[in-house]
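S.K.: requesting a structural model of the entry that follows:
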Amino acid sequence: MTSPERIGPYRIERLLGAGSFATVWLGHDPVLGSSVAIKVLAENWHHDLRVRERFLDEARLLRRLDDERLVQVHAVGELADGRPYSVLGLADGGSLRDRLAAGPLPVPVALDLLAEIAAGVAVLHRNGVVHRDLTPGNILFRSHPDGERVLVADLGLAKALAAASGLTARAGTPGYMAPEQDDPLAVVDTRADVYGLGRLGVRLLGVDTQRDTPAPPRPDGTVRLRAEVPPQVADVLRRATAPRPADRHHDADAFRAALRHAAASAPTAGPGGTRARPGRAGVRPAGRRFAATVGAWRCSSRSAP
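M.R.: Residues are numbered from 1 along each chain as shown. Okay, here's the model as predicted:
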């Protein structure tokens, strides 16, 4: 793939990533002197008006919501060949997929992170939107003066709940998408995203850390998690990934509340192997504290022999 020299007024520095529908480039804004991410519709979808409109819908949706937990859109434009592009805030911390490739996260960090992801998805749900494709590659990190932010990205498959039925094509990533997303006539609502959150939880907390997708559940619905994961948290994930939507948490807010309650009420190992109950040791109530958890973990990882 040949790197363009410029996209609109932005100088292109390098490719950040490529998917089925779009490529993302690192660009430099000469006026503001800052870096941006520029998402461009892939050439092979150039003449598909439905995909083109979905691409633009994502930019419009992110611009309308304008929330710090979501990737932010600064502008949109069009290349000389007619392909649209959107200028996004740069997630300079990479993706969750990148971090998991480097090894498993400590359980407290993973629990904090899962709660932060759920908070971002809750923003969508409160605005009547379902994401439908929650995967590690769609969870990004951005530096901030007081720490790191977790961002929910890639809403190209998102759709207003009122119109989220009658889809003519499969939408979602195998291993993370809810069973009903395989049915083109099923109504896809917030509970599909709850399933995705549960599967992200299994990926973060599971025993097989080398898999790109989380291990499938056992016949009884349970999944293999690391020994230090509290059973109360395992119960939350089991409910979130129930095959029937009616058996799951209603939305991301409900899932996050259940996760926080489970992590806060679970006993944890104290000095000498005894069991202690330190209160809210699992999931912090404020999103900004996620940065402190990750920062402490990174420091300890760098200093480890």
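
S.K.: and Leu114, that's in a helix?
M.R.: Yes. Per DSSP: H, G, I helix; E, B strand; the rest coil, Leu114 lies within a helix segment.

S.K.: surely it meets Ala262?
M.R.: No. Taking C-beta atoms under 8 Å as the contact criterion, Leu114 and Ala262 are not neighbours in contact, 11.0 Å apart. From N, CA and C alone the C-beta is placed, and that goes for glycine too.

S.K.: shared neighbours of these two, anything?
M.R.: Both Leu114 and Ala262 lack any common contacting residue under the criterion C-beta atoms under 8 Å, 6 or more residues apart in numbering.

S.K.: if you count what's nearby, which of the two comes out ahead?
M.R.: More neighbours sit around Leu114 than around the other of Leu114 and Ala262, counting by other C-beta atoms under 10 Å; the figures are 28 against 20.

S.K.: please name the nearest non-neighbouring residue to the more buried one.
M.R.: Counting by C-beta to C-beta, 6 or more residues apart in numbering, Leu114 lies nearest to Gly201, which is 5.2 Å off, once chain neighbours are set aside.

S.K.: counting neighbours, what do you get for that neighbour?
M.R.: Using other C-beta under 10 Å as the criterion, the residues surrounding Gly201 number 30.

S.K.: repeat for Arg64
M.R.: Arg64 is flanked by 11 other residues according to other C-beta under 10 Å.

S.K.: does it fall in a helix, a strand, or a coil region?
M.R.: Local secondary structure at Arg64 is given as helix here, using three-state DSSP.

S.K.: so for Ala266, what's the pLDDT?
M.R.: pLDDT, Ala266: 71.

S.K.: and the residue nearest to Leu114, how far from Arg226?
M.R.: Plainly put, Gly201 is 12 Å away from Arg226 if you go by C-beta to C-beta, to the nearest Å.

S.K.: over to Leu16?
M.R.: When distances are taken as C-beta to C-beta, Leu16 and Arg226 turn out to be 31 Å apart.

S.K.: and Glu180, helix, strand or coil?
M.R.: Three states are possible here, and by three-state DSSP the one that applies to Glu180 is helix.

S.K.: distance of it from Pro219?
M.R.: For Glu180, the distance to Pro219 under the criterion C-beta to C-beta works out to 20 Å.

S.K.: settle it for me: which of these two has more neighbours?
M.R.: A count of neighbours by other C-beta under 10 Å puts Glu180 above the other of Glu180 and Pro219, at 18 against 6.

S.K.: hmm, the more buried one is touching Asp193, no?
M.R.: No. Using C-beta under 8 Å, Glu180 and Asp193 do not qualify as a contacting pair, with a distance of 11.7 Å.

S.K.: give me the low-pLDDT residue ranges for the stretch 201-305 of the chain?
M.R.: Counting by pLDDT under 70, the low-confidence segments of the stretch 201-305 of the chain come to 209-210, 267-305.

S.K.: show me where it has helices.
M.R.: Per DSSP state H, counting those that start in this stretch, the stretch 201-305 of the chain carries helices over the ranges 231-240, 252-265, 289-303.

S.K.: run the angle between the shortest one and helix 252-265 for me.
M.R.: Taking axes from the mean of the first three to the mean of the last three C-alpha atoms, to 10 degrees, helix 231-240 and helix 252-265 form an angle of 160 degrees between their directions.

S.K.: other SSEs contacting helix 231-240?
M.R.: In terms of contact count using 3 or more C-beta pairs under 8 Å, 6 or more residues apart in numbering; DSSP states H and E, helix 231-240 is assigned the packing partners helix 190-205, helix 252-265.

S.K.: could you check the angle helix 231-240 makes with the longest one?
M.R.: With the same axes, to 10 degrees applied, the angle from helix 190-205 to helix 231-240 works out at 140 degrees.

S.K.: please apply the same query to the shortest one.
M.R.: Angle, helix 252-265 to helix 231-240, by the same axes, to 10 degrees: 160 degrees.

S.K.: kindly report the domain assignment for this protein.
M.R.: Domain segmentation of the chain under automatic domain parsing yields 6-89, 96-298.

S.K.: tell me which of those domains sits most buried.
M.R.: Between the domains of the chain, the one whose residues have the most neighbours on average, counting mean count of other C-beta atoms under 10 Å, is domain 96-298 (a mean of 18).
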